[in-house]
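[1] Pasting the sequence and the predicted model now:
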Amino acid sequence: MINDLKKDAEDRMNKSLDSLEHGFAKVRTGRAHPSILNGVMVPYYGSDVPLNQVANIGVEDSRTLLVQPFERSMVNAIDKAIRESDLGLNPVTADAIRVPMAALTEETRKDMLKIARNEAENAKVAIRNIRRDVLGDIKSLLKDKEISEDDERRAGDDIQKITDKFVAEVDKRLAAKEADLMKV
């Protein structure tokens, strides 16, 4: 029973790390990467769909993304969606759409660092909330006399070790992202 709770906690904490990576993908580093456009939604026959469902997104060179719509009629809608996204990108439209990535200024880098740190802090909070929930479940097992006090104490220590491991992983990923952002 306690092992199930530990396994569940690890699975949920891994999902927090996945969410952190998804959040980090939105933080521009100055280099072109298709994941930058993951959050862009394009109106398509009356509903908003992710950009990657109406176009191929590739890297033309280190500072340019190439977006090739599946349908020629989608060029203007895709161009507009990229411009209106909060990414600060200005696409150049011809047959395909080229999205140049401006070099990051020192001020922009600092703003991106703040966003990355905020994403990391949100991940840590999520991990701590998972720890709190699991410890609550363990306490209720003790209250229902399904486990002994020693088991509860041991399980609490194990959950804390798991939490510490995941918080350290968040810090490691944040440090890597910060290094990537500050690289000129």
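    Happy to help now that I have it.
[2] and A103, that's in a helix?
    No - under DSSP: H, G, I helix; E, B strand; the rest coil, A103 sits outside any helix and is assigned coil.
[3] Quickly note the distance from it to K80.
    To K80, A103 is 25 Å away according to Cβ to Cβ, to the nearest Å. C-beta coordinates here come from the backbone N, C-alpha and C atoms, glycine included.
[4] One more: Y45?
    Y45 is 16 Å from K80, by Cβ to Cβ.
[5] more crowded one of A103 and K80?
    A count of neighbours by other Cβ atoms under 10 Å puts K80 above the other of A103 and K80, at 14 against 10.
[6] Need the three-state assignment for the more buried one.
    K80 ends up helix, using three-state DSSP.
[7] Okay, helices next: where are they in this protein?
    2-25, 75-84, 106-143, 149-182 (DSSP state H).
[8] Show the average pLDDT along the third one.
    Spelled out, it's helix 106-143. On average, the pLDDT along helix 106-143 is 90.
[9] from here on, count from 859
    Renumbered: residue one is now 859, and that last one reads helix 964-1001.
[10] now the angle from it to helix 1007-1040?
    170 degrees (axes from the mean of the first three to the mean of the last three Cα atoms, to 10 degrees).
[11] Likewise for the shortest one?
    Interaxial angle of helix 933-942 relative to helix 1007-1040 (the same axes, to 10 degrees): 110 degrees.
[12] Okay, domains of the chain per the record?
    859-884+963-1040, 892-958 (the TED database).
[13] any idea which of those domains scores lowest on pLDDT?
    domain 892-958 (a mean of 86).
[14] Could you check how far stretch 902-913 is from the centre of its chain?
    21 Å (Cα atoms, centre = their mean, to the nearest Å).
[15] which of the residues in it are buried?
    Y902, L909, V912, A913 (16 or more other Cβ atoms under 10 Å).
[16] So L1039 sits against V885, correct?
    Yes - using Cβ atoms under 8 Å, L1039 is in contact with V885, at 7.2 Å.
[17] can you list residues touching both of the two?
    M970, A974 (Cβ atoms under 8 Å, 6 or more residues apart in numbering).
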